[in-house]
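>>> Pasted the sequence and its predicted model underneath.
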Amino acid sequence: MLSEDMKTKIVKALVWLALSLAVIMSVNADERWIKVAGSNWDPNPKMLADLKGQIERYVKSQAKAQGRELKRWQEYIFQYQGQKEKGMKYIFINALCEQRDRQGLDKKIVIIFDGGTCYFNVKYDPGQKVFFDLFINGEA
């Protein structure tokens with residue numbers, strides 16, 4: 001049987017391991033989000049956190065409603081940019097499959113034609129906390 005001291009050490013080690021994994025996953029998730037230069041305005045961290053917390057569920061439900069099957073969510077990288085149209089501020093999100101070369105993704109939004117569910121874009125209204133204008137690419 002394990003002593004109380006040994007049990008405490010094991011619990012502490014497990015907690016440390018869990019926290020370490022959470023930090024690593026968080027860092028990797030943030031690396032998948034790339035801010036694109038040239039925006040009309042910059043979304044604040046709270047807006048981005050709200051967006052990131054809702055986008056997967058929204059896009060997956062809309063894709064399912066369209067009879068489309070997305071790639072694994074971890075395969076996407078996301079470009080984002082604050083934009084204005086007719087006085088309305090929104091965040092434009094452009095999703096691309098992860099294997100794509102990341103060089104230059106912070107300078108210009110990359111629009112791909114065709115390519116299927118490997119590519120989609122959507123807009124997010126941070127004031128209303130709603131997504132709109134989802135476009136999932138078609139197949140060539």
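Noted; the coordinates are in hand.

>>> Quick check, residue 124 in contact with residue 53.
No. Taking C-beta atoms under 8 Å as the definition, residue 124 is not a contact partner of residue 53, at 11.2 Å. In this view, the C-beta of every residue, glycine as well, is placed from N, C-alpha and C.

>>> quick one, which of these two is more surrounded?
Remark: of residue 124 and residue 53, residue 124 carries more neighbours, 24 against 10, as counted by other C-beta atoms under 10 Å.

>>> gap between the more buried one and residue 36?
Per C-beta to C-beta, to the nearest Å, residue 124 is found 14 Å from residue 36.

>>> Equivalent analysis for residue 83, please.
10 Å.

>>> got it, and residue 62?
As defined by C-beta to C-beta, residue 62 lies at a distance of 23 Å from residue 36.

>>> And those two? Which one has more around it.
Here residue 62 and residue 36 are compared on neighbour count by other C-beta under 10 Å; more neighbours surround residue 36, at 19 against 16.

>>> The more buried one reaches residue 79, doesn't it?
Yes. The criterion here is C-beta under 8 Å, and residue 36 meets it with residue 79 at 5.0 Å.

>>> Could you tell me which residues touch both of the two?
With contacts defined as C-beta atoms under 8 Å, 6 or more residues apart in numbering, the residues shared by residue 36 and residue 79 are 94, 105, 109.
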